[in-house]
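Chemist: Compute the structure for the input listed below.
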Amino acid sequence: MMNVWIVNTMMVLVVLLCTSSVTCGFAVTPTPTTRSFTVSKSTLSMSSSPPDESNEIVARKIIVSGAAVMGGYYRSCVLNEASRFRKLIGTMSPPDDTDQAEIYVEGKRKMVDGFIRWCKRGNVGLSQVTTVTEVIDEIPTGLYDDFYVRTR
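Modeler: Next up, the predicted model:
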């Protein structure tokens, strides 16, 4: 009876050691014919994976230029791409007499990077041609709850 208690205690200790530390030097396997357990030396390792950087929240300020950036069609395309398709939050500067607009976006890194690629593509349809003149890294503020665009 004492031997069973010792084996069970050893098994519990080895399992606790293996689950609480990074490396474990023992493996416990039950012996099929008897009620005992075999403790053998093995190498078990638990590795922690690096954090998923594609889900990190980032913010970017994108300066776009072109005759189309003040028009309603381009602005509605930016709104659809940013909020509906990529689930980003932020704003686009209101229309003025210049041919430049500022787009501020926050969201997951992979979504923001995809949105920047979409902006750099420059052709949104209806012969609307724009260029990205600058992309600036920003610190996410969390001030927005959606993506906002004003048209004329």
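
Chemist: what ranges do the helices span in the protein?
Modeler: 2-20, 72-79, 109-121 (DSSP state H).

Chemist: Any idea which of these has the lowest pLDDT on average?
Modeler: Ranked by mean pLDDT, these end with helix 2-20 at the bottom, a mean of 50.

Chemist: Flag the shaky bits of the protein, pLDDT-wise.
Modeler: 1-52 (pLDDT under 70).

Chemist: ok, 80 please
Modeler: Applying pLDDT under 80 to the chain flags residues 1-52, 125-126, 151-152.

Chemist: can you give me the strands for it?
Modeler: Secondary structure of the chain (DSSP state E): strands at 23-30, 37-45, 57-65, 89-92, 100-108, 123-125, 128-129, 131-138, 147-148.

Chemist: Now do the fourth one: everything it contacts.
Modeler: Strand 89-92 has contacts (CB atoms under 8 Å, 6 or more residues apart in numbering) with 59, 75, 78-79, 82-83, 101-107, 144-150. The way it works is simple: take the backbone N, C-alpha and C, and place the C-beta from them, glycine included.

Chemist: got the buried residues for stretch 135-150?
Modeler: Judged by neighbour count (16 or more other CB atoms under 10 Å), stretch 135-150 contains these buried residues: 135, 140, 144, 147, 149.

Chemist: Against residue 59, how distant is the closest residue in space to residue 119 that isn't next to it in sequence?
Modeler: Leaving aside its sequence neighbours, residue 119 sits nearest to residue 132 (CB to CB, 6 or more residues apart in numbering; 5.1 Å). In this structure, residue 132 and residue 59 are 16 Å apart, going by CB to CB, to the nearest Å.

Chemist: before we move on, the earlier item: between the buried residues of stretch 135-150, which is closest to residue 111?
Modeler: In terms of CB to CB, no member of those lies closer to residue 111 than residue 147, at 11.5 Å.

Chemist: Done for today, thanks.
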